[in-house]
Structure formats: structure tokens, C-alpha cells
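Visitor: Below is the structure, and that's it, no one-letter string:
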């Protein structure tokens with residue numbers, strides 16, 4: 001009988017010990033979970049596909065921020081325009097609905113006309129010239145201007161040079177006259193095309209392929225990666241290199257979100273944004289080469305305008321300069337000479 005009682009007592013002790021241990025493990029796990037849970041979880045809007053330089057740059061930015069804040073700030077990158085068009089994203093960011101985004105300067109200039117001077121046609125002699133401007137005092141000043149519109153500019157991303165592509169060749173100024181050309185939802189880009197004698201059609205990026213295929217437009221204008229990624233080379237077989245614009249893109253933050261962060265976190269985010277921009281630029285250069293190779297292998301015709309013909313295209317832009325830079329001619333001149 002004593003043995004039975006001892007057995008019951010020992011069993012009860014073991015069970016009690018197991019309960020205590022289980023409770024302790026559960027408490028430790030809950031404590032660790034609480035400690036590792038992010039303090040902030042933010043959305044990042046990206047309208048390009050997942051396998052695209054700007055998207056990879058955004059992911060790099062999110063990784064750096066997560067690492068350097070020890071997991072306190074987690075950023076979820078949403079590609080493929082999951083959070084809406086760039087215009088819709090800007091509107092949501094102005095009241096804090098979306099925290100971060102990568103936005104084309106063309107779209108942002110619709111809200112901030114003073115930004116137009118940075119994307120004037122034939123403004124930069126090449127990529128090196130553009131980065132001297134954007135990574136210098138002029139670029140920093142324009143990043144600060146975004147704060148007047150409830151946004152915070154963080155860094156500049158590359159989007160290459162934009163060129164025309166069409167269903168019939170564009171070898172000179174006369175060829176483009178009368179063509180229907182798709183442009184971004186940007187008044188400046190529309191005016192640029194009009195100045196060349198063509199008819200601009202504002203069509204969202206995702207519908208460009210079908211618009212060309214159905215004959216609604218005769219062509220569009222964009223960089224090599226966009227031309228290749230969206231398979232526009234299948235319906236517009238002539239790619240004319242005129243490098244009419246180098247339109248940089250911005251990483252931006254909602255000011256409503258920015259103001260909630262501590263100064264130290266703001267500094268970390270700015271540093272990570274600039275590092276991710278350098279990372280994205282390397283990827284962009286690599287992607288641009290690959291995209292051109294893919295398009296050329298499909299049998300497209302690449303047309304390079306002569307310097308004399310490029311000058312004719314540039315001369316046609318005087319009305320655009322006057323309209324959008326009337327009060328910024330000094331800045332325009334400074335950029336050209338930078």
C-alpha cells in the first residue's frame with residue numbers, strides 16, 4: 001500500500017514538474033515573440049514586376065532597414081501595382097495610407113511642377129552627367145522640396161534613358177509627325193510628343209501592349225527594360241534611340257509616417273535608401289544590357305539617330321522649355337553646365 005502511495009506521489013510530482021516546465025517554455029516563447037515582433041510594419045508600393053531592378057532595390061532597402069533597426073521596422077514590398085497606380089499611390093501616401101514607394105519623377109511632377117526641370121527633354125548629356133546633378137546639391141534641394149507636399153524624398157533611382165518604339169520606323173523628325181504615341185500620365189511628356197508633331201495618348205502602363213496590338217497607338221516611349229519586360233518588342237518592332245529623356249525615379253516616404261519615427265530611425269532609413277539606390281543603379285545597368293540583347297534576338301530593328309537629327313529633335317523642344325521652366329531657366333542652365 002505504501003508503495004502504491006509513493007508511486008502516486010511520484011507521478012503527481014512528475015506531472016506537476018512537466019506542467020511547470022511547459023508553462024515556463026511557453027512563457028519564454030511568448031516573451032521572445034513579443035521581443036522579436038516589429039514595432040512598425042509598413043507597406044512599400046512598386047508598380048513594376050517582381051524581377052525588376054527597382055523592385056530588387058526596394059527589397060534591398062527593406063532588408064537593410066530591418067537589419068539596422070534589429071527587426072523593429074519591417075517593410076513589405078508590394079510589386080505589380082498591387083497597391084494601385086503611381087498616381088493613386090501618391091494620393092494614399094499624402095495621408096499615410098501607404099508608407100513608402102518608388103515613383104517616377106514624371107508622375108510626381110504632376111503634383112510638384114517645379115520637379116519638371118529635372119526631366120526636360122535632352123537635358124543630360126549622359127548618365128554620368130545626371131548623377132552628378134542628382135547626387136549633388138541640386139538633387140538634395142529637390143528631395144527637400146517633396147516635404148511641402150506631405151512626402152519625404154529619400155533617394156534617386158535609375159530608370160535609364162527613354163526612347164521611342166513603334167510599328168513603323170522613326171529615322172527622322174518627319175517620320176514621327178502624325179503618329180499616335182503613348183505617354184505616361186504626364187502633361188510634360190504629352191507636350192514633348194506634341195512638340196515633335198505627334199499625337200500623345202495617355203494610357204496606363206499595363207495597357208500599352210494591347211493598345212499597340214489593337215492599333216490604338218502607333219508606338220510608345222520607354223527604356224530598354226520596360227520595353228523588354230512587358231514584351232512590347234513583340235508588337236512594336238522598331239526601337240529608335242534618341243534618348244529624349246532621362247527621367248530619374250524617387251524613393252519616397254509618407255510625411256505622416258515619417259513624423260512618427262524617431263530621429264535615429266529617420267537617419268537609418270535615409271542611409272538605407274541611399275545604399276539601396278547605389279545597389280539599384282548597378283542592377284539597372286546590368287538589366288539594360290540583358291533587355292536589349294533579348295529584344296534584339298527577337299529580330300527588332302534598332303535605329304540610332306545621327307547627332308544632326310538629334311539636334312533637330314532638341315530644337316523642337318524650345319516651347320516645352322519655355323512652358324515648364326519659365327521661372328527656372330537659371331536652374332535649367334545650371335544643370336546643363338553642371
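Guide: Received the coordinates, thanks. Since we're looking at a predicted model, the values are computed, not measured.
Visitor: biggest strand in the protein, by residue count?
Guide: Across the chain, the strand with the greatest residue count (assigned by DSSP state E) is strand 238-246.
Visitor: That one pairs with which strands?
Guide: Neighbouring strands of strand 238-246 in its sheet, by DSSP bridges, are strand 161-166 (antiparallel), strand 301-304 (parallel).
Visitor: Which elements pack onto the next helix or strand after it?
Guide: On the C-terminal side of strand 238-246, the nearest following helix or strand under DSSP states H and E is strand 249-254. Secondary structure elements in contact with strand 249-254, counted by 3 or more C-beta pairs under 8 Å, 6 or more residues apart in numbering; DSSP states H and E, are helix 53-68, helix 86-93, strand 100-104, helix 105-108, strand 151-157, helix 263-297. Using the backbone N, CA and C atoms, a C-beta is placed for each residue, glycine as well.
Visitor: Please convert those to a markdown table, extending it with mean neighbour count.
Guide: Shown next, in a markdown table, are these (neighbours: other C-beta atoms under 10 Å):
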| stretch | mean neighbour count |
| --- | --- |
| helix 53-68 | 21 |
| helix 86-93 | 21 |
| strand 100-104 | 26 |
| helix 105-108 | 24 |
| strand 151-157 | 25 |
| helix 263-297 | 17 |
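Visitor: So which of the ones you listed is nearest residue 191?
Guide: helix 105-108 (11.8 Å; C-beta to C-beta).
Visitor: rewinding a little: right, and the strands paired with strand 238-246 - which one's nearest residue 294?
Guide: Taking the strands paired with strand 238-246 one by one with C-beta to C-beta, strand 301-304 is closest: 12.7 Å.
Visitor: Next, work out how far apart the nearest residue to residue 317 once chain neighbours are set aside and residue 147 are.
Guide: Excluding the flanking residues, the one nearest residue 317 by C-beta to C-beta, 6 or more residues apart in numbering is residue 121, at 4.7 Å. Using C-beta to C-beta, to the nearest Å, one gets 28 Å for the distance from residue 121 to residue 147.
Visitor: In contact with the spatially most central residue of the chain: list those residues for me.
Guide: Note on the chain: the residue nearest the mean C-alpha position is residue 102, at 3.4 Å, using C-alpha atoms, centre = their mean. With contact set as C-beta atoms under 8 Å, 6 or more residues apart in numbering, residue 102 has these partners: 44-46, 54, 57-58, 157, 249-252.
Visitor: Mind pulling the model confidence for it?
Guide: Here the pLDDT value assigned to residue 102 is 97.
Visitor: same thing with residue 126?
Guide: At residue 126 the predicted local confidence, pLDDT, stands at 83.
Visitor: Tabulate the strands paired with strand 238-246 in a markdown table, adding columns for mean neighbour count and distance to residue 220.
Guide: As requested, those are arranged in a markdown table below (neighbours: other C-beta atoms under 10 Å; distance: least, C-beta to C-beta, whole Å):
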| stretch | mean neighbour count | distance to residue 220 |
| --- | --- | --- |
| strand 161-166 | 25 | 6 |
| strand 301-304 | 14 | 15 |
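Visitor: right, and those strands - which one's nearest residue 260?
Guide: Per C-beta to C-beta, nearest to residue 260 of these: strand 161-166, 36.3 Å.
Visitor: Now do that closest one and helix 263-297, the angle between them.
Guide: Here the directions of strand 161-166 and helix 263-297 differ by 40 degrees (axes from the mean of the first three to the mean of the last three C-alpha atoms, to 10 degrees).
Visitor: helix or strand right after strand 161-166?
Guide: Taking DSSP H and E as the definition, the helix or strand right after strand 161-166 is helix 173-176.
Visitor: what's the distance between that following helix and the middle of its chain?
Guide: Taking C-alpha atoms, centre = their mean, to the nearest Å, one finds the center of helix 173-176 at 31 Å from the center of the full chain.
Visitor: what comes up buried for it?
Guide: Residues 173, 175-176 are the ones in helix 173-176 that count as buried (16 or more other C-beta atoms under 10 Å).
Visitor: Can you pull out the residues in contact with the helix or strand that comes right after that helix?
Guide: For helix 173-176, the following helix or strand on the C-terminal side (DSSP H and E) is strand 180-183. Strand 180-183 has contacts (C-beta under 8 Å, 6+ apart) with 164, 166, 189-190, 192-193, 198-203, 208, 211-212, 216-221.
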